[in-house]
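Asks: Kindly generate the corresponding structure for this input.
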Amino acid sequence: MSVAECLPAERTDPPGIDPAAFRLAMRELAGGVSVVTTGRGALRTGLTATSVTSLSAEPPALLVCINRSSSVLRVLREHQAFAVNILKAGHEDVADRFAGRSGAYGAARYGDAEWTELTTGMPVLADALAAFDCRVEAILDWHSHAVVIGRIEALASTGGDGALVYWRGGYRGVAP
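Replies: Modelled structure (predicted):
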């Protein structure tokens, strides 16, 4: 059965669910902060994401949700590869740059952090808690977002003293 066969033919929003109330309630769900990177050279780009999750261990895969209006999604579709960099406590500046809070766009978001590559050639943050180098397996457009499924080609793990999470509209460091 294909993904399309699993989806309902027509969807309507349930009555009484206010989008602003939904967003406010979702602020109660703490999420690990990651930077999704794609592209090469001057065409590198990326974004900060909390909507990243493991999908399967065999084969190793994860999924990330990206707003369909994001310019990053266009570059990701073109390269058919991306990296997910899990940020550690102290990476707030990296998270802010990739969230667009610094005014930097494209390759300028990479700043002075140290970047490397694994298998696909996508940028990997050298001191990320963990980084997953992925090839795109599928992209499912779902209303305002795309659900990107990536097969993990390589990974790196540096460990660290704490993770960066996003909760109630702000970053928090979580220590072991």
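Asks: For the chain, which residues score under the pLDDT cut-off?
Replies: 1-14 (pLDDT under 70).
Asks: can you give me the helices in it?
Replies: 3-6, 19-26, 71-79, 92-99 (DSSP state H).
Asks: Now render these as a markdown table, adding mean neighbour count.
Replies: All C-beta atoms are positioned from the backbone trio N, CA, C, and that covers glycine. Shown next, in a markdown table, are the helices of the chain (neighbours: other Cβ atoms under 10 Å):
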| stretch | mean neighbour count |
| --- | --- |
| helix 3-6 | 8 |
| helix 19-26 | 10 |
| helix 71-79 | 17 |
| helix 92-99 | 19 |
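Asks: Nearest to residue 55 among these would be which one?
Replies: Proximity to residue 55, assessed across those by Cβ to Cβ, is greatest for helix 3-6 (13.0 Å).
Asks: ok so, going back, want to try CSV for the helices of the chain, with distance to residue 150 as columns?
Replies: Shown next, in CSV, are the helices of the chain (distance: least, Cβ to Cβ, whole Å):
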stretch, distance to residue 150
helix 3-6, 15
helix 19-26, 23
helix 71-79, 9
helix 92-99, 17
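Asks: Quick one: closest of those to residue 163.
Replies: helix 92-99 (11.7 Å).
Asks: Run through the residues that contact residue 116.
Replies: Counting by Cβ atoms under 8 Å, 6 or more residues apart in numbering, residue 116 touches 123, 124, 126.
Asks: Can you check which of the helices of the chain gets nearest to residue 136?
Replies: Comparing the helices of the chain by Cβ to Cβ, helix 71-79 comes nearest, at 7.0 Å.
Asks: quick one on the thing from earlier: which of the helices of the chain sits closest to residue 172?
Replies: helix 92-99 (9.8 Å).
Asks: how far is that closest one from where the chain is centred?
Replies: 12 Å (Cα atoms, centre = their mean, to the nearest Å).
Asks: Any chance you could give me that helix in PDB, C-alpha atoms only?
Replies: Provided in PDB are the C-alpha atoms of helix 92-99 (Å, rounded to 0.1, in the frame of the first residue of the first chain):
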ATOM      1  CA  GLU A  92      21.900  28.900  21.400                       C
ATOM      2  CA  ASP A  93      23.800  31.200  19.000                       C
ATOM      3  CA  VAL A  94      23.800  28.500  16.300                       C
ATOM      4  CA  ALA A  95      20.100  27.800  16.900                       C
ATOM      5  CA  ASP A  96      19.300  31.500  16.700                       C
ATOM      6  CA  ARG A  97      21.200  32.000  13.400                       C
ATOM      7  CA  PHE A  98      19.500  29.000  11.700                       C
ATOM      8  CA  ALA A  99      16.100  30.200  13.100                       C
END
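Asks: who touches that helix?
Replies: 33, 35, 46-48, 87, 102, 104, 109-111, 113, 125, 164, 166, 171.
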